[in-house]
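Undergrad: Give me coordinates for this.
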Amino acid sequence: MTTTPELGIHWGDVTAEITSVLRDYLRINTSNPPGNEQAAAEFLAPILESEGYECEYVEAGPGRVSMRTRLHGAGAARPLMLLNPTDVVPVQEEFWDVDPFAAVEKDGMLWGRGALDMKGMGTLELLVMLLFKRLNLTPNRDIVFLAVADEEAGSAFGMEWLDQNEQGWITEPEFALNEGGMGALNLLGSNRPVFACSPSEKSPLWLKLRAEGQPGHGSTPHGDNAVERLIRALYAIQNWDRAVTIQPHTAEALQRMRDANAWAGSAPSLNRLCQTYPAFAAVTRDTISNTGATSGIKHNVIPADAEATLDCRLLPGESYDDFIKSMRDVIDDEKVDVEVVFGSMGPSSSFETEMVSVIEDVVREQVEGALVIPSTCVGFTDSRVLRRHGVHSYGFVPTLMDASLAAGVHGHNERTSIEGLNTGIQILFEVVRRFTNAQRL
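TA: Residues are numbered from 1 along each chain as shown. Take a look at the predicted model:
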């Protein structure tokens, strides 16, 4: 689709504007830590204000600013929130092919940290707000745009802070669209485009292991070495056989793909899917990634302690306490302590709502042969905070990508397809317009 004649929208022009705005946005370094999300808020707000919006700010700490604005609707229902985090994860610049904050455009791609996670989606949401204003569309409910700080580090200066200090910002909406699910080409080896819509996500549990031992001279080994104790603990965890669980949303997703003959033949077995696709395996069990290990003060000194950091992600509904108890049993060493650094849980949203129905209808109309499936997001998002208050929150980023692009999320050479932005804005605009029954007055 190149135009929407009844509204006078030329999508090529809109995509060019998105690309221009996103290019400037990517050049703002909001790596967290330290975040510096104030710079992002001060970039986005003038764009909105130039179209007649009024913006509000909250500062949870120096430079840790979140911003929101709203399009007033007819008040027939509680608001729809368009949520987008403004921070990004740090980069290892030496492994990138381009400057990660130069917003290089080449080969039909816009490169930069945040292009996929999550400044690209934030820009799509921004343009939805601008288009509604320019087209004089009045929705049946308010539409709230929230650009929030600190999602990548646990939200202590973002959504969790708002929950404690400005809870009305959290509890006001009835529905929210956020990150968490994306469109994929050849998902799980299928032969058709699949758009994941995430009503749930795994719960983060960040742990620190600390092993203690007897210090001494490196020339005299003994059996109480903290480093060796930590290595044994990590080895035991690595070989911990955790049960495979197919939760309801995952089961429904697979069934929808089977029913649509998405594999053009017999569907692969669960075992094959888990072995071939790490992202699928991650939604079938609690996962543990070793993300760091430190010890030692000098080459010839046996240290008194050693530490490792673990990024654990639990399936929805799993208990932190039960998981930690099981881990301690697996380690089976009283001199290895397990400390909780961060944990945050949230319930799931229903996949049987008006919002999901609208998403399914719009995707089918706009992308030939496409499926919409429920997915459990393996990462955590700010939606967990909204869901704790009963807000129906969905991860839905309506751009299509292949595995090579998806690898850029938290990885090297993150980039987004400009063609994907074109598809994304058309789907997102129509979902919001149809869901809010927006009319020209």
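Undergrad: Residue 413 - how many residues pack around it?
TA: Other residues near residue 413 come to 19 when the count uses other Cβ atoms under 10 Å. In short, each C-beta sits where N, CA and C put it, glycine included.
Undergrad: what's the answer for the one 3 residues further on, then?
TA: Residue 416 has 28 neighbouring residues, counting by other Cβ under 10 Å.
Undergrad: just the one 4 residues further on next, same as before
TA: As a burial measure, residue 420 scores 23 neighbours (other Cβ under 10 Å).
Undergrad: host element of it?
TA: For residue 420, the enclosing helix or strand under DSSP states H and E is helix 418-435.
Undergrad: Would you pull up how far that helix lies from the middle of the chain?
TA: Relative to its chain's centre, helix 418-435 lies at 18 Å (Cα atoms, centre = their mean, to the nearest Å).
Undergrad: Put the alpha carbons of it into PDB.
TA: Only the C-alpha atoms of helix 418-435 are listed here, as PDB (Å, rounded to 0.1, in the frame of the first residue of the first chain):
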ATOM      1  CA  ILE A 418      13.500   1.100   6.000                       C
ATOM      2  CA  GLU A 419      11.000  -1.100   4.200                       C
ATOM      3  CA  GLY A 420      10.100  -2.600   7.500                       C
ATOM      4  CA  LEU A 421       9.500   0.800   9.000                       C
ATOM      5  CA  ASN A 422       7.100   1.400   6.100                       C
ATOM      6  CA  THR A 423       5.200  -1.700   6.800                       C
ATOM      7  CA  GLY A 424       5.300  -1.000  10.500                       C
ATOM      8  CA  ILE A 425       3.800   2.500  10.500                       C
ATOM      9  CA  GLN A 426       0.900   1.400   8.200                       C
ATOM     10  CA  ILE A 427       0.000  -1.500  10.500                       C
ATOM     11  CA  LEU A 428       0.400   0.400  13.700                       C
ATOM     12  CA  PHE A 429      -1.500   3.400  12.600                       C
ATOM     13  CA  GLU A 430      -4.400   1.300  11.400                       C
ATOM     14  CA  VAL A 431      -4.500  -0.800  14.600                       C
ATOM     15  CA  VAL A 432      -4.600   2.300  16.700                       C
ATOM     16  CA  ARG A 433      -7.200   4.000  14.400                       C
ATOM     17  CA  ARG A 434      -9.500   1.000  14.300                       C
ATOM     18  CA  PHE A 435      -9.100   0.100  18.000                       C
END
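Undergrad: Name the strands paired with the helix or strand following that helix and say parallel or antiparallel.
TA: Beyond helix 418-435 on the C-terminal side, the first helix or strand identified by DSSP H and E is strand 439-440. Strand pairing for strand 439-440, using DSSP bridges, gives strand 137-138 (antiparallel).
Undergrad: on contacts alone, who are the packing partners of the helix holding residue 420?
TA: helix 11-26, strand 80-85, strand 109-111, helix 119-134, strand 175-184, helix 354-366, strand 392-401 (3 or more Cβ pairs under 8 Å, 6 or more residues apart in numbering; DSSP states H and E).
Undergrad: Output the last one as PDB - backbone C-alpha positions only.
TA: Pointing back at strand 392-401 there. Extracted C-alpha coordinates of strand 392-401, given in PDB (Å, rounded to 0.1, in the frame of the first residue of the first chain):
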ATOM      1  CA  HIS A 392      -4.000  -5.300  29.000                       C
ATOM      2  CA  SER A 393      -0.400  -4.800  27.700                       C
ATOM      3  CA  TYR A 394       0.900  -6.300  24.500                       C
ATOM      4  CA  GLY A 395       4.300  -6.500  22.900                       C
ATOM      5  CA  PHE A 396       3.700  -5.800  19.300                       C
ATOM      6  CA  VAL A 397       6.300  -4.300  17.000                       C
ATOM      7  CA  PRO A 398       4.800  -4.600  13.500                       C
ATOM      8  CA  THR A 399       8.000  -4.800  11.500                       C
ATOM      9  CA  LEU A 400       9.200  -7.900   9.600                       C
ATOM     10  CA  MET A 401      12.700  -9.100  10.000                       C
END
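Undergrad: relative to helix 119-134, how tilted is it?
TA: 110 degrees (axes from the mean of the first three to the mean of the last three Cα atoms, to 10 degrees).
Undergrad: which helices and strands does strand 392-401 pack with?
TA: Partner elements for strand 392-401 (3+ Cβ pairs under 8 Å, 6+ apart): helix 119-134, strand 175-184, strand 194-201, helix 354-366, helix 383-388, strand 415-417, helix 418-435.
Undergrad: what mean pLDDT does the fifth one have?
TA: Confidence over helix 383-388 (mean pLDDT, whole number) is 97.
Undergrad: The third one too?
TA: Throughout strand 194-201, pLDDT has a mean value of 98.
Undergrad: Remind me what it packs against, helices and strands.
TA: Applying 3+ Cβ pairs under 8 Å, 6+ apart, one finds that strand 194-201 contacts strand 175-184, helix 248-259, helix 354-366, strand 371-377, helix 383-388, strand 392-401.
Undergrad: Beyond that strand, next helix or strand please.
TA: Of the helices and strands lying after strand 194-201 in sequence (DSSP H and E), the nearest is strand 203-212.
Undergrad: Whatever helix or strand comes next after that next one pairs with which strands, and in what direction?
TA: Using DSSP H and E, the helix or strand that follows strand 203-212 in sequence is strand 216-217. Looking at strand 216-217 with DSSP bridges, its partner strands are strand 301-302 (antiparallel).
Undergrad: dump the residue contacts of residue 281.
TA: Residue 281 sits next to 273-275 when contact means Cβ atoms under 8 Å, 6 or more residues apart in numbering.
Undergrad: Wait, a strand at residue 261?
TA: No: counting by DSSP: H, G, I helix; E, B strand; the rest coil, residue 261 falls outside a strand, being coil.
Undergrad: Please tell me how far it sits from residue 267.
TA: Going from residue 261 to residue 267 by Cβ to Cβ, to the nearest Å gives 9 Å.
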